Each structure stands twice: as C-alpha cells, then as structure tokens.
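> Take a look and give me a structure for this.
(one chain, ligands or ions: 1)
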Amino acid sequence: MTPPFETALSGKHVVIVGGGSGMGRATAQLAASLGARVTIASRNADRLATVAAEIGAEPAPVDMTDEAGVRAWAAGLGAVDHLVISASSAAHGGFADLPTDDLRAMFEAKFTGPYVTTREVLPHLANGGSITLFSGVLSRRPSVGTTGLGAVNAAVEALAKGLAVELAGKARVNCISPGMVATEAYAAMPEADREGMYAQVGASLPVGRVGAPEEVAQAAIMAMTNGYLTGTVLDVDGGHLVKA
Ligand SMILES: NC(=O)c1ccc[n+]([C@@H]2O[C@H](COP(=O)([O-])OP(=O)(O)OC[C@H]3O[C@@H](n4cnc5c(N)ncnc54)[C@H](OP(=O)(O)O)[C@@H]3O)[C@@H](O)[C@H]2O)c1
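Modelled structure (predicted):
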C-alpha cells in the first residue's frame, strides 16, 4: 500500500538529473522539504553547487551523453530510491530545415542520455523504487516546427511504458508530460518575447495560463510515491491536449 503522502519520502534517496533548474529544481526542493535526501545532477557544476546549497541537496555533476562518465557517476551515488530525469535539450525547426546534427544531438540529450542513465542507475536502485522520465505535449499534440521534438517525446513515453513492464516487481516507471511551463528553458529569449509567448499560449489553454515548475513538481512526487502508478504518462499541461 502507498504510505501517507507526507511521510512517503522521509529518509529516501531521490536523485534528480536536471535538478539544477526548472521543474527538476522544483521537484528537488519539494522532495527535500518532505524529508528526502536529494542529489541533483546536470553538467554545470557551479550552478549545481549554488542550487544545492539553496535547497538543501547534494550536487553530483554528470553529462548524460558521456556513457563512461554516467557509469562512474552512478556507481558513486550509493543506493537510490527514486530516479527522476528532467534534463534535456530541445531543438526546434521545420522538418526540412532542422539540421540533422541538431536532431541527433536532441535524441542524444533527451532519449539516449536518459536511457543510458536509467540503465546505469538500475543496479543501485532499491527494490520498490521508482523512475520518472519527462516528455512533453508535442508527442501527441504537434505544432509546425516541432516534429523532431514531438518524436523524441514519443520515444521517451514509449521507453517509460516498456520499462514499466520490463522492471515489474523491481521498480515503477512513469513519464510526466508537461505543457508549457515557465522555466529557465526559455531564459535565452528576450523578456518581452518570452512574456508574449506565455500570454499567447496561456490564453489558448483551458486554465488560462502557462504552468509553474512547482505544479509539475507535485506530479513528480506523486509518481515517486504512489505505489499503484506505473506505465503512465501523466499530463500536467493546463489542458493542452484537450484545448480547441
Ligand atoms: N519548460 C517547458 O515548457 C517544457 C514543456 C514540455 C516539456 N518540457 C520538458 O520537461 C523537462 C524539464 O524541462 P525544464 O524546462 O524544467 O528544463 P530546464 O530548466 O531547461 O532544465 C533542463 C536541465 O537539463 C540539464 N541538461 C541538459 N543536457 C544535459 C545533459 N546532457 N546531461 C545532464 N544534464 C543536462 C541542464 O543543466 P546543465 O546545463 O547544467 O547540464 C538543465 O538544468 C524537459 O525534458 C523538457 O524537455 C518542458
């Protein structure tokens, strides 16, 4: 049975790849506030150290695209109860225009990286643990210029579903599919453009706004702690999939 929400993470080791920013950071902060021991990972060691100090986590830098590095990193984690991978990088562009190298780099960062990272953490994952991956609404609600990104999101969802079957009895595996969420992912955009995009996308959604990282963090905690949840794609998208 699933333990009460407030105590389910107490003393558990939660590892969040992508925990230095956005939804990963918000998940790390919420897990730490619920009594978990939290390790956050990504490539930028300086940012990780700063964020880790702010939220009471431990930093453990890794580049998911470096397979040997991931293996050594995973071996250094100790026992893990819950693995969350929110890290990714996205490439936008029309079907005919997106450079093949950009497409390959996106699949490396958002699919192969999480695949390898999950595989290398698995020997260290406690029985009864969980794995939570991240996709995005474009897998099932594509728009012009996002075909490659939609395809990689679909691959991540298939990975989570396949692993839920393959790891049955060992770990539960789920995928969170966010809609637009205001995070550092859009930090490179000029502020006026970014706010305009948030306003436009938000107005198109049933909830009337884009999401906050903390709202997705709540779903990630549920994916970690609800013992009856596996093989699921959790849509946390403000109604994006059902909008007109
Ligand atoms: N934000 C949205 O609107 C939105 C919408 C739909 C889906 N999503 C998906 O939701 C997830 C979380 O998004 P977010 O906006 O919270 O992300 P974010 O703030 O952009 O953070 C992504 C993190 O990934 C890390 N990262 C990138 N490549 C890496 C690699 N090779 N190895 C290790 N770490 C790597 C980056 O840190 P370093 O630079 O330090 O490595 C960064 O902290 C992603 O899968 C994203 O595609 C987001």
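> From the chain's centroid, how far away is the longest helix anywhere in the chain?
Counting by DSSP state H, the longest helix found in the chain is helix 147-166. Here the centre of helix 147-166 is set off from its chain's centre by 13 Å, with CA atoms, centre = their mean, to the nearest Å.
> Going by neighbour count, list what's buried in that helix.
Neighbour counts over helix 147-166 (16 or more other CB atoms under 10 Å) mark 147-157, 159-161, 163-164 as buried. For glycine as for every other residue, the C-beta is placed from the backbone atoms N, C-alpha and C.
> which element is the residue in the chain sticking out farthest from the centre on?
Ranked by distance from the centre of the chain (CA atoms, centre = their mean), the top residue is Ala96, with 28.2 Å. Counting by DSSP states H and E, no helix or strand carries Ala96.
> before we move on, back to that, is the longest helix of the chain in proximity to the ligand?
No - Helix 147-166 lies out of reach of the ligand by CB under 6 Å from any ligand atom, never closer than 7.1 Å.
> would you put the C-alpha positions of that helix in PDB?
Only the C-alpha atoms of helix 147-166 are listed here, as PDB (Å, rounded to 0.1, in the frame of the first residue of the first chain):
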ATOM      1  CA  THR A 147       8.100  17.400 -35.400                       C
ATOM      2  CA  GLY A 148      11.500  16.200 -34.200                       C
ATOM      3  CA  LEU A 149      10.800  17.300 -30.700                       C
ATOM      4  CA  GLY A 150       7.400  15.600 -30.700                       C
ATOM      5  CA  ALA A 151       9.100  12.400 -32.000                       C
ATOM      6  CA  VAL A 152      11.700  12.400 -29.200                       C
ATOM      7  CA  ASN A 153       9.000  13.000 -26.600                       C
ATOM      8  CA  ALA A 154       7.000  10.000 -28.000                       C
ATOM      9  CA  ALA A 155      10.200   7.900 -27.700                       C
ATOM     10  CA  VAL A 156      10.600   8.800 -24.100                       C
ATOM     11  CA  GLU A 157       7.000   7.900 -23.400                       C
ATOM     12  CA  ALA A 158       7.500   4.500 -25.100                       C
ATOM     13  CA  LEU A 159      10.700   4.000 -23.000                       C
ATOM     14  CA  ALA A 160       8.800   4.600 -19.800                       C
ATOM     15  CA  LYS A 161       6.000   2.200 -20.700                       C
ATOM     16  CA  GLY A 162       8.400  -0.500 -21.900                       C
ATOM     17  CA  LEU A 163      10.400  -0.200 -18.700                       C
ATOM     18  CA  ALA A 164       7.300  -0.400 -16.500                       C
ATOM     19  CA  VAL A 165       6.700  -3.800 -18.000                       C
ATOM     20  CA  GLU A 166      10.400  -4.900 -18.000                       C
END
